[in-house]
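Engineer: The sequence and its predicted three-dimensional model are supplied below.
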Amino acid sequence: MKIILKKDVKILGFKNDFLNVKPGFARNYLLPKGLALIATTGIIKEHREILKQRSKKEEFILKKAKEIAYKIKRIYVSLLVKKAIENRDLAKFFKKRGFPIENESIKIMGNNKIKTAGKYKAIVRLHTKVEVKISFNVYEKNQ
């Protein structure tokens, strides 16, 4: 039986894959759990059109992510440590400069919180295919 997966299924395949499986497996497991659709000609045609439109949109998003990655690599990041520096502080830094990067997209390498001055690195994930390593400095306030 030909099916289209609606979700990732371990061992079997990934979302949007066209597969040929045993009818009993499809009827008793995949279809009742909402993991697949029976691949009729109409559904296949509709599905291909959706994937084609998605790929165009994905290309545009990927292009924008690469442009942002190019720009943020060239920004000198310098933060003043008060109590601790976290990923949200880096996100706030970038947002002030016009780059709406979410907190969850930033991972400080080695530490989750920085409490001392020094040079650090972080990874900014802009897209599933675009990650940027940035370096930044943390300074302590002179008292």
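Structural biologist: Cool, the structure landed. Values in this document were obtained by computation on a predicted structure and should not be read as measured data.

Engineer: mean confidence score for stretch 111-124?
Structural biologist: On average, the pLDDT along stretch 111-124 is 86.

Engineer: And for stretch 54-61?
Structural biologist: In this model, stretch 54-61 has a mean pLDDT of 86.

Engineer: starting at the chain centroid, how far to that stretch?
Structural biologist: The chain centroid and the centroid of stretch 54-61 are separated by 14 Å under Cα atoms, centre = their mean, to the nearest Å.

Engineer: what's that stretch in contact with?
Structural biologist: residue 127 (Cβ atoms under 8 Å, 6 or more residues apart in numbering). C-beta: built from backbone N, CA, C; applies to glycine.

Engineer: Just read off the phi/psi values of residue 20.
Structural biologist: phi -120, psi 110 (degrees, to the nearest 10).

Engineer: So what pairs up with it in the strands?
Structural biologist: When bridges are assigned using DSSP bridges, the partners listed for residue 20 are residue 2.

Engineer: what sits against it?
Structural biologist: 1, 2, 3.

Engineer: Just the buried ones from those residues?
Structural biologist: When the contacts of residue 20 are checked for burial by 16 or more other Cβ atoms under 10 Å, the buried set is 1, 3.

Engineer: With pLDDT as new columns, can the contacts of residue 20 be given to me in a markdown table?
Structural biologist: Supplementary listing: those in a markdown table, determined by pLDDT from 0 to 100:
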| residue | pLDDT |
| --- | --- |
| 1 | 92 |
| 2 | 93 |
| 3 | 94 |
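
Engineer: ok, of the contacts of residue 20, which one's closest to residue 29?
Structural biologist: residue 3 (10.9 Å; Cβ to Cβ).

Engineer: how close does the closest one sit to residue 84?
Structural biologist: Per Cβ to Cβ, to the nearest Å, residue 3 is found 50 Å from residue 84.

Engineer: Brilliant, that's me finished.
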